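Asks: could you work out the structure for the sequence below:
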Amino acid sequence: MATEYTWTFSNFETDSDNKVKTIHWSMKAVDGEHNARIYGSCDGADMDFDSMTKDNCIACVIDSRDQTEDDMKASLDIQIDNLKNPETVSKSKEW
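Replies: I've put the predicted structure just below:
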């Protein structure tokens with residue numbers, strides 16, 4: 001099964017002129033029963049709230065980071081791989 005990546009934009013902070021000041025975002029990866037997420041907020045680049053698109057928001061998030069979208073996906077893939085193949089396992093013992 002291929003990993004599916006989904007962008008979500010939970011909230012936008014705007015000024016009185018309806019210009020986006022802050023974007024609150026997350027990117028989720030799902031691979032079968034495993035999932036991982038990265039999230040944050042970034043400058044909204046004064047986009048007009050009424051005319052912005054999801055693609056505009058994705059571009060704005062990527063422009064604000066030191067990573068490409070592929071880098072972000074790779075980071076999520078590592079998180080999922082660590083869930084599938086943990087380096088350590090917690091155990092307890094009843095004495």
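Asks: quick one: residue 84 and residue 64, what's the gap?
Replies: Look at residue 84 and residue 64: by Cβ to Cβ, to the nearest Å, they are 30 Å apart. Heads up, the C-betas are built off the backbone N, CA and C, glycines and all.
Asks: looking at the two, which has the bigger crowd around it?
Replies: residue 64 (16 against 11; other Cβ atoms under 10 Å).
Asks: the more buried one contacts residue 43, correct?
Replies: Yes: if you go by Cβ atoms under 8 Å, residue 64 and residue 43 touch, sitting 6.1 Å apart.
Asks: let's verify the residue most central in space within the chain: helix, strand, or coil?
Replies: Nearest residue to the geometric centre of the chain (Cα atoms, centre = their mean): residue 27, 2.3 Å. Here residue 27 is recorded as strand under DSSP: H, G, I helix; E, B strand; the rest coil.
Asks: just the element for residue 24, please.
Replies: Element membership of residue 24, judged by DSSP states H and E, is strand 20-31.
Asks: got the buried residues for that strand?
Replies: Within strand 20-31, the residues that count as buried by 16 or more other Cβ atoms under 10 Å are 20, 23, 25, 27, 29, 30, 31.
Asks: in this protein, where's the longest helix?
Replies: helix 69-84 (DSSP state H).
Asks: so where is this structure shaky, pLDDT-wise?
Replies: Low-confidence segments of the chain, defined by pLDDT under 70: 1.
Asks: packing partners for the strand holding residue 24?
Replies: Applying 3 or more Cβ pairs under 8 Å, 6 or more residues apart in numbering; DSSP states H and E, one finds that strand 20-31 contacts strand 4-14, strand 34-43, helix 54-64, helix 69-84.
Asks: dump those to CSV, plus distance to residue 93.
Replies: What follows is these, written out as CSV (distance: least, Cβ to Cβ, whole Å):
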stretch, distance to residue 93
strand 4-14, 39
strand 34-43, 28
helix 54-64, 46
helix 69-84, 24
